[in-house]
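> Predicted structure and sequence below. I'll ask about it afterward.
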Amino acid sequence: MAAWKQILFALVVLVVAAATWLRFFPGAPELLARWGLDWAQAATPPAETNTGRAGKSDGNRQVNVVVLPAASAVINDRLQAIGTGRADASVTVNPYSAGRLAELRVESGSHVDKGQIIATLDSETETIAQDRAKLALQDAQAKLERVRSLRASNAATPVAVADAELVLAGANLALQDAELALQRRSILAPIAGTVGILPISAGNYVTSQSAIATLDDRSSILVDFLVPERFAAAVKVGAQLSATPIANPSNIYTGTVSAIDNRIDEKSRTLLVKAKIANPADSLRAGMSFGITMKFPGQTYPAVSPLAILWGSDGAYVWQVEDGKARRVPVRIIQRNTETVLIDAQIDSGDMVVTEGTQSVSEGGAVRVAGDKPRSENAAEGS
């Protein structure tokens, strides 16, 4: 192919591409007008009239459009999360020292009070040590009395009296130590709660690492759940919430936020929150899963049809109809839903927004809403 034919073919392709862009790209005429190419607006072929619902006319003719009123929607007003319950207090009971488990005084599922004896270890050695300490104490007291009587007749020195008093003090401490060792052969409940399944039976040899029983205080249940980062500032200690057991959704419990972590997890971008739920009927158990629901004031935004959103060189916008005129309103998209788009714009609920016929609407141009009578017919009816 000759060089001039190639150049001619390239120019034709460029012209066709430019015309296509000018005809179909939204905002192309306005963009060229800002560049000083006002002739592009005049070169754009006018939309045909009397075809379909929309059309652009000359003179006093109006553009036919379809509009829908803008609504309002609230977001970030509800939090739903899944949490795991645990007892208000949970303790694994271990003995202070090793020995043979002599007796278990509780059963699985029974309730115990704080300080109640739940098991005992063999204590013969500790009983003997306590008796020996009592005898040593009695002997120390008798010696002190004799030394004091001798001191009264100057038969003993002050140093002998001081030594006897020191021996008595040591005997007192030895007796306390022996009594403590004997007391610790009885295993006490450190908290009030319910006994779990006993992992050991009487007669077994245990050490200080052996678990004798587990106690759960289920008077209230703590629920741990994670909150998305956007709700971090809205969740406060003492805030009300509702908790629904996943296994029994017909029951709904009311609780409060009891603790909030001091930082957001960098990996999940969530905040750990703890809630407390009263359990007076003892119907809840540690380990249960709960559906947590919290309500907040939220944020209100205008909601429009997705068909109303248009895009230009300067971003998204919509056409608002006011007093029969079209007004271009720039918008910022907040959230896209199935049937609506939440936007941040100077639009109020109830304002009419163009959803069809947008390609023929211009700033300040006259529009007629589909279904409304033309102005001429309204004038004729009024005469």
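Thanks, I have it.

> Just list whatever residues bridge to D344.
On the basis of DSSP bridges, D344 is bridged to R332.

> quick one, what contacts it?
Contacts for D344 were tallied using C-beta atoms under 8 Å, 6 or more residues apart in numbering; they are 301-302, 331-334. The way it works is simple: take the backbone N, C-alpha and C, and place the C-beta from them, glycine included.

> swap in K236?
257, 260.

> Next one: it, what pLDDT does it get?
The per-residue pLDDT reported for K236 equals 93.

> Work out for me the element it sits within.
If you go by DSSP states H and E, K236 is not part of any helix or strand.

> in the protein, which spans are helices?
3-24, 28-34, 39-43, 124-152, 158-183, 375-382 (DSSP state H).

> Out of the ones you listed, which gets nearest to S108?
S108 lies closest to helix 158-183 among the helices of the chain, at 25.5 Å (C-beta to C-beta).

> Flag every buried residue along that closest one.
160, 164, 167-168, 171, 174-175, 178, 181-182 (16 or more other C-beta atoms under 10 Å).

> Would you mind listing the residues in contact with I333?
I333 makes contacts with 309, 316, 341-344, as judged by C-beta under 8 Å, 6+ apart.

> nope, R100 is what I meant
Counting by C-beta under 8 Å, 6+ apart, the residues that R100 touches are 121-122, 203-206.

> Any chance of those in a markdown table with pLDDT as columns?
Converted to a markdown table, the contacts of R100 look like this (pLDDT from 0 to 100):
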| residue | pLDDT |
| --- | --- |
| L121 | 95 |
| D122 | 94 |
| G203 | 91 |
| N204 | 93 |
| Y205 | 94 |
| V206 | 94 |
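
> among those residues, which ones are buried?
Buried among the contacts of R100 (16+ other C-beta under 10 Å): 121, 206.

> Just put the contacts of D344 in TSV and tack on pLDDT and distance to Q359.
Formatted as TSV, the contacts of D344 follow (pLDDT from 0 to 100; distance: C-beta to C-beta, whole Å):
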residue	pLDDT	distance to Q359
Y301	91	26
P302	92	23
V331	92	18
R332	93	23
I333	92	20
I334	90	25
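
> Just the buried subset of those, written out for PyMOL, thanks.
Per 16+ other C-beta under 10 Å, the buried members of the contacts of D344 correspond to this PyMOL selection:
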select buried, resi 301+302+331+334
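
> For A70, state which of the contacts of D344 is nearest.
P302 (4.9 Å).

> Next, the contact list for the closest one, please.
Here P302 is in contact with 70-73, 342-345, 347-349, 351 (criterion: C-beta under 8 Å, 6+ apart).

> Apply 10 Å and report the result again.
For P302, the residues meeting the contact criterion (C-beta atoms under 10 Å, 6 or more residues apart in numbering) are 70-73, 318, 329, 331, 334, 340-351, 353.

> what's the spacing between it and T340?
Using C-beta to C-beta, to the nearest Å, P302 is found at 9 Å from T340.

> Could you tell me which residues touch both of these two?
The contact lists of P302 and T340 share 70-71, 73, where a contact means C-beta under 10 Å, 6+ apart.

> Out of the residues you listed, give me the one that has the most neighbours.
Sorting the shared contacts of P302 and T340 by how many neighbours each has (other C-beta atoms under 10 Å) puts A70 first, at 22 neighbours.

> ok, that residue touching D348?
Yes: with contacts counted by C-beta atoms under 10 Å, A70 reaches D348, the gap being 7.1 Å.

> For the residue of the chain positioned farthest from its centre, give me phi and psi.
Distance from the centre of the chain peaks at S153, with 82.6 Å (C-alpha atoms, centre = their mean). Backbone torsions of S153, given as degrees, to the nearest 10, read phi -100, psi 20.

> Distance check, it against R146.
12 Å.

> sorry, back to before: redo the helices of the chain as TSV? Include mean pLDDT and distance to V195.
Output for the helices of the chain, formatted as TSV (pLDDT from 0 to 100; distance: least, C-beta to C-beta, whole Å):
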stretch	mean pLDDT	distance to V195
helix 3-24	75	78
helix 28-34	62	78
helix 39-43	46	86
helix 124-152	93	25
helix 158-183	93	21
helix 375-382	46	85
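
> Relative to K295, which of the ones you listed is closest?
helix 28-34 (44.7 Å).

> Sweet, I'm off.
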